[in-house]
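S.K.: this one's structure only:
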């Protein structure tokens, strides 16, 4: 529900189309699927609820994933 509300709010604010479940790739390598990307901007939007992380290992894995995606530019 949070992702849908985020898409709606971004649209109302004039950011253009938000593409859900966008695959981040470098060639054939899939680095992850992000919640939203803004079609008219080079921006990724993630919406994480507090229930996503069940412990420190989950949080560290997510941090590594985000770092890999960020390093792609």
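M.R.: Structure received. This one's a predicted model, so the numbers in the text were calculated from it and none came from an experiment.

S.K.: what's the longest helix in the chain?
M.R.: helix 56-72 (DSSP state H).

S.K.: ok now stretch 40-54, how far from the chain's centre?
M.R.: Counting by Cα atoms, centre = their mean, to the nearest Å, stretch 40-54 is centred 5 Å from the centre of its parent chain.

S.K.: ok, now stretch 36-46?
M.R.: So, by Cα atoms, centre = their mean, the centroid of stretch 36-46 is 8 Å from its chain's centroid.

S.K.: so how far is the first residue of it from its last?
M.R.: 6 Å (Cα to Cα, to the nearest Å).

S.K.: avg pLDDT for that stretch?
M.R.: On average, the pLDDT along stretch 36-46 is 91.

S.K.: Show the residue spans covered by the strands in this structure.
M.R.: Taking DSSP state E as the test, the strands found in the chain are 18-26, 29-38, 43-45.

S.K.: Neighbours of the nearest residue to residue 68 once chain neighbours are set aside, how many?
M.R.: Of all residues not flanking residue 68 in the chain, residue 31 sits nearest, at 5.2 Å (Cβ to Cβ, 6 or more residues apart in numbering). Heads up, the C-betas are built off the backbone N, CA and C, glycines and all. Here the number of neighbours of residue 31 (other Cβ atoms under 10 Å) works out to 16.
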